[in-house]
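**Q** Model the following, please.
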Amino acid sequence: MTDQPQNGTDAPRGCPVAHGGGDGLTRLYGPEAASDPHGIYARLRKEHGPVAPVLLEGDVPAWLVLGYRENRRVLDNPRQFSRDARIWRDWKEGRVENTSPLIPMLGWRPDCVSQDGEPHRRLRGAVTDNLQAVASRGIRRHVTHFANKQIDAFADKGSADLVMEYAEYLPMLVLTRVFGLAEGEGRQLAESSAQVLKGGEDALLHNDRIMQILGELAERKRAEPGSDFTTGLLEHHAGLDDDEILSHLRLVLIAAHTTTSNLLARVLQLVLTDATRLAGLVSGQLNISAVVEEVMWNTPPLAVLPGRFAATDLELGGHRLQEGDLLVLCLTAGNVDPEIRPDVGISVHGNQSHLAFSGGPHECPGQNIGQAIIETAVDVLLHRLPGLRLSVAPEELTSTASTWEARLDRLPVEFAV
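**A** Now for the predicted structure:
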């Protein structure tokens with residue numbers, strides 16, 4: 001090592017995290033990460049403080065940002081922590097191949113998420129303008145239609161798995177209508193979007209499948225415009241080129257579906273494992289938005305946000321980072337940081353300063369649409385299925401995590417027919 005670590009926790013120039021080795025570093029993938037991500041986050045915080053050296057899939061080195069304040073600093077300072085993956089040192093120097101399963105999540109694309117400054121403002125403006133237009137056309141009407149259609153498929157059985165039969169596909173069905181896609185493409189797109197976030201050897205294949213479907217969609221909408229998100233991007237005054245159109249369709253589709261489906265499942269889990277909350281929602285005494293807010297604090301739909309890149313040598317959380325280092329932001333750990341939430345059991349009602357929607361210039365522009373989907377989906381479900389209750393003990397519910405998220409495996413319920 002060429003430098004001495006600070007307090008034994010630093011990883012300066014010459015250490016594995018800086019140069020792609022990695023012996024002894026914690027992996028954010030594999031069996032332990034899939035079964036106990038919260039345990040890993042807690043251990044890393046204890047060993048390294050608010051920022052920890054870790055390995056991503058393929059033993060790619062990164063810094064995991066665990067502290068709430070450190071997450072905010074990274075999110076709010078794009079000049080220090082860029083979103084432009086073209087400065088990622090391990091990629092530039094050939095230690096990360098373009099065929100890596102990390103590329104669909106971390107690689108540069110001609111979209112607003114991959115850029116900063118004026119290019120970001122131009123592209124983000126096109127996205128936000130069209131998301132607002134979509135929201136104004138009655139998003140809750142689409143959710144109600146597809147929620148009822150999903151429920152119709154199991155309403156006569158008296159039982160269902162609300163993950164696989166409801167939350168997993170409902171947001172994508174709504175998005176097919178928003179994008180101007182055929183409804184029949186929704187299930188395939190939902191499955192491919194989930195695989196992109198899970199990573200593994202199939203991630204690139206599923207990413208290519210999504211791009212093919214969206215490329216065909218853009219061609220159709222050029223020939224036959226409609227009142228949908230795709231046509232809005234094609235006709236926006238920002239003048240997006242073909243690659244920018246396709247990249248933003250992919251970005252919004254994957255981000256909106258995967259986060260909303262995960263959040264919907266978690267909201268239903270919280271409601272169905274707490275009789276008081278369930279009774280309050282059914283009676284109208286409790287607002288669903290309060291439940292959504294609680295879940296966003298304690299179980300944000302994206303556990304780890306990819307990624308930022310150090311734009312210069314700097315210090316963060318007691319560690320020295322080098323220009324081009326990769327950072328991934330642990331929103332889950334940041335939200336329960338004992339420095340800002342010493343007692344996680346205290347109510348967070350009315351406190352919207354969680355990290356679930358990211359923050360800074362790249363804060364999620366579609367959060368109102370996602371919340372509208374969840375609130376409507378829960379409302380329709382509770383009013384369609386009298387006597388809805390969990391059919392297993394709450395402790396039997398399990399989750400499986402990838403680097404980026406932890407998804408509920410199943411949510412079996414019973415109800416009156």
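**Q** residue ranges of the strands in the protein, please?
**A** Taking DSSP state E to define them, one finds strands in the chain at 26-27, 51-56, 60-65, 81-82, 159-161, 304-310, 314-316, 319-321, 326-330, 389-390, 399-401, 406-408, 412-414.
**Q** By mean pLDDT, which helix or strand of this structure comes out lowest?
**A** Using mean pLDDT, DSSP states H and E, helix 16-19 stands out as the lowest-scoring helix or strand of the chain, at a mean of 40.
**Q** and D156, how many residues sit next to it?
**A** Neighbour count for D156, taken as other C-beta atoms under 10 Å: 7. Bear in mind the C-beta positions are built from the backbone N, C-alpha and C, glycine included.
**Q** Look up phi and psi at it.
**A** With angles defined as degrees, to the nearest 10, D156 sits at phi -90, psi -10.
**Q** Excluding residues flanking it in the chain, which one is nearest it?
**A** Leaving aside its sequence neighbours, D156 sits nearest to V417 (C-beta to C-beta, 6 or more residues apart in numbering; 6.1 Å).
**Q** Also L28?
**A** Nearest to L28 is T403, by C-beta to C-beta, 6+ apart, at 4.7 Å.
**Q** One more: W88?
**A** Nearest residue to W88 in three dimensions, chain neighbours excluded: F309, at 5.2 Å (C-beta to C-beta, 6+ apart).
**Q** what sits against the one you found?
**A** F81, S82, R83, D84, A85, I87, W88, G324, D325, L326, L327 (C-beta atoms under 8 Å, 6 or more residues apart in numbering).
**Q** May I see these arranged in CSV, with distance to R384 as well?
**A** Shown next, in CSV, are those (distance: C-beta to C-beta, whole Å):
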residue, distance to R384
F81, 45
S82, 47
R83, 42
D84, 46
A85, 44
I87, 50
W88, 48
G324, 52
D325, 50
L326, 45
L327, 44
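**Q** Among those, which one lies nearest to E97?
**A** Closest to E97 out of those is W88 (12.7 Å), distances taken as C-beta to C-beta.
**Q** Tell me how far the most centrally placed residue in the chain lies from R266.
**A** Against the mean C-alpha coordinate of the chain, by C-alpha atoms, centre = their mean, the closest residue is L302 at 3.4 Å. Counting by C-beta to C-beta, to the nearest Å, the separation of L302 from R266 is 12 Å.
**Q** For those two, list the residues in contact with both.
**A** Common neighbours of L302 and R266 are not found (criterion: C-beta under 8 Å, 6+ apart).
**Q** List the residues that contact the residue nearest to L385 when sequence neighbours are not counted.
**A** Leaving out its chain neighbours, the residue that sits closest to L385 by C-beta to C-beta, 6+ apart is F415, at 4.0 Å. Residues in contact with F415, defined by C-beta under 8 Å, 6+ apart, are G158, S159, A160, L385, P386, G387, L388, R389.
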